[in-house]
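Visitor: Show me how the following folds:
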Amino acid sequence: MSVAILRHGDHLIASILTDLSDSEVVTLRDELAEQVGRQRVRGLIIDVSALDVIDSFMARSLRAIAVTAGLRGVRTVVAGIQPEAAIAMVHFRLDLAPLQAALDVDEAIAVLGAKDGADGDGR
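Guide: Numbering: from 1, shown residues only. Okay, here's the model as predicted:
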């Protein structure tokens with residue numbers, strides 16, 4: 001699978017390096033759910049900047065990852081959605097709530113950091 005998963009402080013960063021098949025997306029979803037619990041992180045960043053296209057299955061899977069991580073107390077931010085992919089996602093009215101988006105990984109880290117400091121328990 002062409003995904004690099006790295007820990008950065010209290011966050012996991014999953015960088016998708018190439019297009020993934022549907023089975024690879026499912027494997028990624030399961031792997032991230034497992035690593036979120038095992039590594040006890042506060043935030044999950046999924047970097048999709050290498051993807052020119054985000055199809056409906058990938059979009060639904062990103063949403064499922066965010067919901068699963070949220071149930072484990074982890075916030076998810078998707079970073080680097082290409083303009084063409086964003087336009088297509090809006091055109092097809094894909095519901096991605098509770099996903100948050102950021103322009104790049106640096107902004108995603110800042111978003112998660114700002115939220116961690118926003119309330120007393122860091123959640």
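
Visitor: going forward, measure contacts between C-alpha atoms and count neighbours the same way
Guide: OK.

Visitor: Check for me that residue 106 belongs to a helix.
Guide: Yes - counting by DSSP: H, G, I helix; E, B strand; the rest coil, residue 106 is located in a helix.

Visitor: Please tell me how far it sits from residue 59.
Guide: Residue 106 sits 22 Å away from residue 59 when distances are taken as CA to CA, to the nearest Å.

Visitor: who's in contact with stretch 23-39?
Guide: Contact with stretch 23-39 is made by 1, 3, 12, 44, 58, 61-62, 64-65, 68-69, 72, 74, as judged by CA atoms under 8 Å, 6 or more residues apart in numbering.

Visitor: Just the buried ones from those?
Guide: Among the contacts of stretch 23-39, those classed as buried by 16 or more other CA atoms under 10 Å are 3, 12, 44, 58, 61-62, 64-65, 68-69, 74.

Visitor: State the three-state secondary structure for residue 14.
Guide: Following three-state DSSP, we place residue 14 in the strand state.

Visitor: whoops, residue 78 was the one
Guide: Residue 78 - assigned by three-state DSSP - is strand.

Visitor: burial measure for it, as a count.
Guide: By other CA atoms under 10 Å, 25 other residues sit near residue 78.

Visitor: beta partners for it?
Guide: Using DSSP bridges, the bridge partners assigned to residue 78 are residue 46, residue 101.

Visitor: quick one, what contacts it?
Guide: Taking CA under 8 Å, 6+ apart as the test, what residue 78 contacts is 45-48, 99-102, 108.

Visitor: Considering those, which possesses the most neighbours?
Guide: For the contacts of residue 78, the largest neighbour count, defined by other CA under 10 Å, is 28 neighbours, found at residue 45.

Visitor: mind listing the strands in the protein by residue range?
Guide: With strands called from DSSP state E, the chain shows them at 3-8, 11-16, 43-47, 75-79, 100-102.

Visitor: between the ones you listed, which gets nearest to residue 89?
Guide: The closest of those to residue 89 is strand 100-102. By CA to CA, the value is 12.7 Å.

Visitor: Now do that closest one, average pLDDT.
Guide: In this model, strand 100-102 carries a mean pLDDT of 94.
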